[in-house]
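Undergrad: return atomic coordinates for the entry below.
(2 chains)
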Amino acid sequence: MKRISLIILLVLALLSPIALACHPQGQVTTSHTDHGHAAHLTLLDEHFVRAPLWAPLKDMPLPISPGEAVELVRDWVLKAYKTEYDAKVDGISFSKMQDCKHRDHWVYQISFEPIEHEQAVGDFGHIAAVFLDGTVVGGYLIDQ
Amino acid sequence: MLKLGLCFLMGLLLSPDSVACDAQRNSAIAINNGVRVRLTIPDSSYAGQPTWSPEDGEPPVSITEAMSLIQGWVKSKHGASRDADFNSLNLSPGEGCSGASAWHYIVYFGYLEDGEPVDGFTDVAAVMMDGSLILGEVE
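TA: Numbers count the residues shown, from 1 in each chain, chains lettered A, B, ... in the order given. Below you'll find the predicted structure:
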């Protein structure tokens, strides 16, 4: 568990805005998780086109709150994984994109453990992005 | 930019389980051209915090409230012409040496002077769920 929590925080760190550099096919972040798996999260231009811009301190209501973002990820897990699964959220990052094409976009990145009947499924963390239009983009894991 | 990126990497190594219980247990670091800004969350700050976890719905302090708290501090510290320029807010759990735990925001932000970025400087602060603010200090 100690190793997992450290790695989850490392995943969030690697998903910082700085890590999301321009990429011709979209934006790909790769970070190692645990037990020989790597999490990949790909944010495409089309996601940004749909998502509204947001700016802090401008009296603009935040379109998606942290609680709503978590609920969107939990709903997504039900569809994407297995109907019995839920998500235990370990960390929420809300970051301004710093890349050349998508400044002034803010994106949630939520790390979680899939759980089934309140028990963790697997020994590694997962990741999903939530755009401010409510679109959820799940990370995927590959064996190393 | 690489150094700025490192601040996120180092700053998020906050795992309460990852190191022994000591003063550096819950700390975050922002690095700016060789200047290190360290945020250390005192053990006492975890006591008496509102209980919250992501499954409970909205946090007691919203993202916009956390930003407003930082902005208020920036104005009081640096004057009306300066604003916070937010990079990211990380909502994560922390735990004090006493065993008390609480979620908090770790906020990375720069500064704007009359709307223009101030030399790429990144600061770091924590916003606890009771609305208290803990500021980083230049080492």
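Undergrad: shaky segments in chain B?
TA: Along chain B, the parts satisfying pLDDT under 70 run over B:1-25.
Undergrad: what do you get for chain A?
TA: A:1-39, A:82-83, A:100, A:122-124, A:141-144.
Undergrad: all strands in it, in order from the N-terminus.
TA: Ranges of strands within chain A are A:27-32, A:37-43, A:85-96, A:106-116, A:119-120, A:126-131, A:136-138, A:140-143, based on DSSP state E.
Undergrad: the lengthiest helix in chain B close to chain A?
TA: The longest helix of chain B (DSSP state H) is helix B:63-78. Yes. Helix B:63-78 is in contact with chain A by Cβ under 8 Å from any Cβ of the partner chain, via B:63-64, B:67-68, B:71. In this view, the C-beta of every residue, glycine as well, is placed from N, C-alpha and C.
Undergrad: likewise for stretch B:49-61?
TA: Yes. Interface with chain A: stretch B:49-61 contributes B:53-59 (Cβ under 8 Å from any Cβ).
Undergrad: give the contact list for residue B:39.
TA: Contacts for residue B:39 (Cβ atoms under 8 Å, 6 or more residues apart in numbering or on different chains) come out as B:11, B:27-30, B:106, B:124-126, B:134-137.
Undergrad: please identify the one among those residues that lies nearest to chain A.
TA: residue B:11 (7.3 Å; Cβ to the nearest Cβ).
Undergrad: contacts only, for the most far-flung residue of chain B relative to its centre.
TA: Distance to the chain centre peaks in chain B at residue B:114, reaching 23.6 Å (criterion: Cα atoms, centre = their mean). For residue B:114, the contact set (Cβ under 8 Å, 6+ apart) comprises residue B:81.
Undergrad: distance of it from residue B:77?
TA: To residue B:77, residue B:114 is 16 Å away according to Cβ to Cβ, to the nearest Å.
Undergrad: residues near the nearest residue to residue B:122 once chain neighbours are set aside, how many?
TA: With sequence-adjacent residues excluded and distances taken as Cβ to Cβ, 6 or more residues apart in numbering or on different chains, residue B:122 is closest to residue B:30, at 4.5 Å. Neighbours of residue B:30 under the rule other Cβ atoms under 10 Å in any protein chain shown: 27.
Undergrad: so who does residue B:30 touch?
TA: B:7, B:11, B:36-37, B:39, B:108, B:122-124, B:136.
Undergrad: and the two most separated of the residues you listed?
TA: With distances taken as Cβ to Cβ, the most widely separated pair in the contacts of residue B:30 is B:36 and B:108, at 13.6 Å.
Undergrad: if you count what's nearby, which of the two comes out ahead?
TA: residue B:108 (27 against 14).
Undergrad: in the sheet, who's paired with that one?
TA: Judged by DSSP bridges, the bridge partners of residue B:108 are residue B:88, residue B:124.
Undergrad: the longest helix of chain B vs strand A:85-96, what angle?
TA: 30 degrees (axes from the mean of the first three to the mean of the last three Cα atoms, to 10 degrees).
Undergrad: tell me which residues are up against helix B:63-78.
TA: So helix B:63-78 is contacted by A:56-57, A:62, A:65-66, A:94, B:61, B:82-84, B:86, B:89, B:105, B:107, B:109, B:111, B:125, B:127, B:131, B:133, B:135 (Cβ under 8 Å, 6+ apart).
Undergrad: only the buried residues of that helix, if you could.
TA: Across helix B:63-78, burial judged by 16 or more other Cβ atoms under 10 Å in any protein chain shown covers B:63, B:66-71, B:74.
Undergrad: then stretch B:26-36?
TA: B:26-32.
Undergrad: swap in stretch B:79-97?
TA: Neighbour count says stretch B:79-97 has B:82-97 buried, by 16+ other Cβ under 10 Å.
Undergrad: what do you get for stretch A:70-87?
TA: Under 16+ other Cβ under 10 Å, the buried positions of stretch A:70-87 are A:70-74, A:76-77, A:81, A:85-87.
Undergrad: next: stretch B:129-139.
TA: B:129, B:134, B:136.
Undergrad: and that stretch, how far apart are its ends?
TA: By Cα to Cα, to the nearest Å, the extent of stretch B:129-139 from end to end equals 26 Å.
Undergrad: what about that stretch, near chain A?
TA: No. Using Cβ under 8 Å from any Cβ, stretch B:129-139 stays clear of chain A, with a minimum separation of 11.9 Å.
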